[in-house]
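[1] got a predicted structure here, sequence first:
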Amino acid sequence: MHGAVLVAAMAAVTALLRALPFLIFRKDTPAYITYLGKVLPPAMIGMLVVYCLRQVEFTRAPFGLPELAAGLCVAGLQIWKRNSIVSILGGTAVYMLLIRIALN
């Protein structure tokens, strides 16, 4: 019961935080909010890429090739299918396959 209450509280807070901008800016969205909505998603993706690649050893075998191939797979699938789930699952599958091959 305690866990269900915690999950319900977290869900309510998450929903409130997502709805808050729409409640505050009902008709006219300020220019800076629109600007942030355009620039923050690519900036966050860039930060995630840097975070994921921060410990890759480019000087030792397999020289970061699984990570590079998986990243290119994600980018290619995203450009082709425009579906984040397909892109992430495809890139993950390629990465997992390549690290299994590289470790053997």
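    Yes, it's here.

[2] chain center to the helix or strand of the chain with the lowest mean pLDDT, what's the gap?
    Within the chain, confidence by mean pLDDT, DSSP states H and E is lowest for helix 31-53 among all helices and strands, at a mean of 90. Here helix 31-53 is found 10 Å from its chain centre; the criterion is CA atoms, centre = their mean, to the nearest Å.

[3] show me what whatever helix or strand comes next after it is packed up against.
    With elements assigned by DSSP states H and E, the helix or strand that comes after helix 31-53 is helix 65-81. Applying 3 or more CB pairs under 8 Å, 6 or more residues apart in numbering; DSSP states H and E, we find helix 65-81 packed against helix 31-53, helix 84-103. (Glycine included, C-beta is placed from N, CA and C.)

[4] turn those helices into CSV, columns for mean neighbour count and distance to V5.
    Output for the helices and strands packed on helix 65-81, formatted as CSV (neighbours: other CB atoms under 10 Å; distance: least, CB to CB, whole Å):
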stretch, mean neighbour count, distance to V5
helix 31-53, 10, 31
helix 84-103, 14, 30
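
[5] out of those, nearest to A19?
    Closest approach to A19 among the helices and strands packed on helix 65-81 is made by helix 31-53 (14.5 Å; CB to CB).

[6] just the angle between the closest one and helix 84-103, please?
    Between helix 31-53 and helix 84-103, the angle comes out at 20 degrees (axes from the mean of the first three to the mean of the last three CA atoms, to 10 degrees).

[7] name the residues that touch the least confident helix or strand of the chain?
    21, 25, 64, 67, 71 (CB atoms under 8 Å, 6 or more residues apart in numbering).
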